[in-house]
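Visitor: The amino acid sequence is not available; the structure is as follows:
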């Protein structure tokens, strides 16, 4: 009797784990998408601030200079990403694990 | 014109060469005589205020008379101050590449389009903050019309630009907050976001300037023109531009009017031409004509001659 109960318990626990794993995975995946969107959004924000670094004049460029001390760390990576925008599709696929 | 005297801030505008500096110097000398502590300030990058008062003027107030101080805004001094402040804040631990890149950008910033205007406007915001505190009246000797209209439309343009940036930043921060569940480093990035703080602070300053410019109890615009065709047309256009933008226009000053009695055939004919333009001015501006200043037989340069015009305002 005890054995059957144990097996049943184990079975249920297994199902619960699978369930949790499935939903947590899904949740984590959606947060990863949000994270990617946030980083993309940040790239666009930097484009608004520092477009003239890429040669696109902006009326606000004088005023956004004072943001540099707080954003300089992100600048190098951003410039590289902006210079290498030819692979937009695969960048978007990255969100969905389509490797 | 007691109404005009009550305005804390008066701008003198008009086409190049009509006598803006003459009128603003004389007007501010008159205010100072009346007991108002007055600052007269030139926003024209090609200053002539110091030349009229025959003194060296610069970015810091210089005493001109008992109650009168003068500034010639120097956009280069202003932007140097701004950029040096940024340079000092940059002494963090950034990579050599980044530092070099930013140095290049900062060096280029002096010559970027709009930098001069932006620097003048920054100083302008600083100065209007002094009215009611350091000074009772501020008189602006502005640059020729086109330059000044662009300067005055800057807060509107920048306000919209900043609004877009603030919204985007807010949006990004919100997404980062959500994503920080899986990436703790994001949490650090959005805490007391200094970028957001700076953007909001900028926006607030632009809004303040905008509010001041359209406040007809405190500020007003006076146009100087000559009885000639082009100044009349330009003034008409400028007034309609300002009114469309809600900036109060006090009226016009007609400068360099020929005397009634002129010697010789040449001036008699010239006076007839002028009369036609005077009539046009009457038709177009009517009760907005504040003063008529005669053409003098001497140059307006130096204290005595400014004083002779100031008496007309008295």
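Guide: Yep, that arrived. For clarity, every value in this text was computed on a predicted model and none was experimentally measured. Residues are numbered from 1 along each chain as shown, chains lettered A, B, ... in the order given.

Visitor: quick one: what helix or strand has the closest residue in space to residue A:66 that isn't next to it in sequence in it?
Guide: Leaving aside its chain neighbours, residue A:66 sits nearest to residue B:86 (5.6 Å; criterion: Cβ to Cβ, 6 or more residues apart in numbering or on different chains). Just so you know, the C-beta spots here come from the backbone N, C-alpha and C atoms, and that holds for glycine as well. Taking DSSP states H and E as the criterion, residue B:86 maps to helix B:75-89.

Visitor: elements contacting that helix?
Guide: Contact here means 3 or more Cβ pairs under 8 Å, 6 or more residues apart in numbering or on different chains; DSSP states H and E; on that basis helix B:75-89 packs against helix A:68-83, helix B:96-109, helix B:115-128.

Visitor: Can you check the pLDDT for the residue nearest in space to the middle of chain A?
Guide: With distances taken as Cα atoms, centre = their mean, residue A:36 lies nearest the centre of chain A, 1.9 Å away. pLDDT, residue A:36: 89.

Visitor: So it versus residue A:48, what's the distance?
Guide: Going from residue A:36 to residue A:48 by Cβ to Cβ, to the nearest Å gives 19 Å.

Visitor: one step back: and for the helix holding residue B:86, what are the contacting residues?
Guide: Identification of contacts with helix B:75-89 by Cβ atoms under 8 Å, 6 or more residues apart in numbering or on different chains yields A:62, A:65-66, A:68-69, B:45, B:58-59, B:106, B:109-110, B:115-120, B:122-123.

Visitor: mind running it again at 6 Å?
Guide: Residues outside helix B:75-89 that contact it (Cβ atoms under 6 Å, 6 or more residues apart in numbering or on different chains) are A:65, A:66, A:69, B:59, B:106, B:110, B:115, B:116, B:119, B:120, B:123.

Visitor: so the fourth one sits in a strand?
Guide: The one in question is residue B:59. No: per DSSP: H, G, I helix; E, B strand; the rest coil, residue B:59 lies outside any strand segment and is coil.

Visitor: How about the contacts made by it?
Guide: Residue B:59 sits next to B:74, B:77 when contact means Cβ under 6 Å, 6+ apart.

Visitor: hmm, back to that, the residue nearest to residue A:66 and residue A:71, how far apart?
Guide: 12 Å.

Visitor: Can you pull out the low-pLDDT segments for chain A?
Guide: A:1, A:85-99 (pLDDT under 70).

Visitor: ok, which stretches of it are helices?
Guide: Secondary structure of chain A by DSSP state H: the helices cover A:2-50, A:61-64, A:68-83, A:88-93.

Visitor: what would those helices look like in TSV with distance to residue B:224?
Guide: As requested, the helices of chain A are exported to TSV (distance: least, Cβ to Cβ, whole Å):
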stretch	distance to residue B:224
helix A:2-50	40
helix A:61-64	30
helix A:68-83	41
helix A:88-93	56
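
Visitor: For residue B:129, find the nearest of the ones you listed.
Guide: Among the helices of chain A, helix A:61-64 comes nearest to residue B:129, with 18.0 Å by Cβ to Cβ.

Visitor: ok, now which ones touch residue B:294?
Guide: Going by Cβ under 6 Å, 6+ apart, residue B:294 touches B:257, B:259.

Visitor: in the sheet, who's paired with it?
Guide: residue B:257 (DSSP bridges).

Visitor: near chain A, which residues of the stretch 101-250 of chain B?
Guide: With Cβ under 6 Å from any Cβ of the partner chain as the criterion, the stretch 101-250 of chain B comes near chain A at residues B:102, B:109, B:112-115, B:118, B:161, B:165, B:168-169, B:172, B:175-176, B:178-179, B:181-183, B:194-195.

Visitor: again, 7 Å this time
Guide: Applying Cβ under 7 Å from any Cβ of the partner chain, one finds that the stretch 101-250 of chain B approaches chain A through B:102, B:105-106, B:109, B:112-115, B:118, B:157-158, B:161, B:164-165, B:168-169, B:171-172, B:175-176, B:178-179, B:181-183, B:194-195, B:198, B:202.

Visitor: And the buried ones among those, selectable in ChimeraX?
Guide: A single ChimeraX command selects the buried members of those (16 or more other Cβ atoms under 10 Å in any protein chain shown):
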select /B:102,105,106,109,112,114,115,118,158,161,165,168,169,171,172,175,176,178,179,183,195,198,202
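
Visitor: burial of residue 25, as a residue count?
Guide: You didn't pick a chain, so chain A it is. For residue A:25, the neighbour count with other Cβ atoms under 10 Å in any protein chain shown is 10.

Visitor: hmm, I had chain B in mind actually
Guide: Residue B:25, neighbours per other Cβ under 10 Å, totals 31.

Visitor: Doesn't it lie inside a helix?
Guide: Yes: counting by three-state DSSP, residue B:25 is located in a helix.

Visitor: buried sites along stretch B:264-273?
Guide: Here stretch B:264-273 shows residue B:271 as buried, counting by 16+ other Cβ under 10 Å.

Visitor: for the record, mean pLDDT for that stretch?
Guide: Throughout stretch B:264-273, pLDDT has a mean value of 93.

Visitor: Count residues in the vicinity of the closest residue to residue B:234 other than its chain neighbours, would you?
Guide: Nearest non-adjacent residue to residue B:234, counting by Cβ to Cβ, 6+ apart: residue B:15, 4.7 Å away. By other Cβ under 10 Å, 22 other residues sit near residue B:15.

Visitor: do the same with the one 3 residues further on
Guide: Each residue near residue B:18 was counted by other Cβ under 10 Å, and the total is 26.

Visitor: which residues in the stretch 201-314 of chain B form strands?
Guide: Using DSSP state E, counting those that start in this stretch, the strands found in the stretch 201-314 of chain B span residues B:219-225, B:249-257, B:289-294.

Visitor: now those as JSON lines including mean pLDDT?
Guide: Formatted as JSON lines, the strands of the stretch 201-314 of chain B follow (pLDDT from 0 to 100):
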{"stretch": "strand B:219-225", "mean pLDDT": "96"}
{"stretch": "strand B:249-257", "mean pLDDT": "96"}
{"stretch": "strand B:289-294", "mean pLDDT": "96"}
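
Visitor: winner for burial among these?
Guide: strand B:219-225 (a mean of 25; mean count of other Cβ atoms under 10 Å in any protein chain shown).

Visitor: Would you mind naming what in chain A lies close to chain B?
Guide: Proximity of chain A to chain B, by Cβ under 7 Å from any Cβ, involves residues A:28, A:31-32, A:34-35, A:37-38, A:41-42, A:44-45, A:48-49, A:52-53, A:57, A:59-63, A:65-73, A:75-76.
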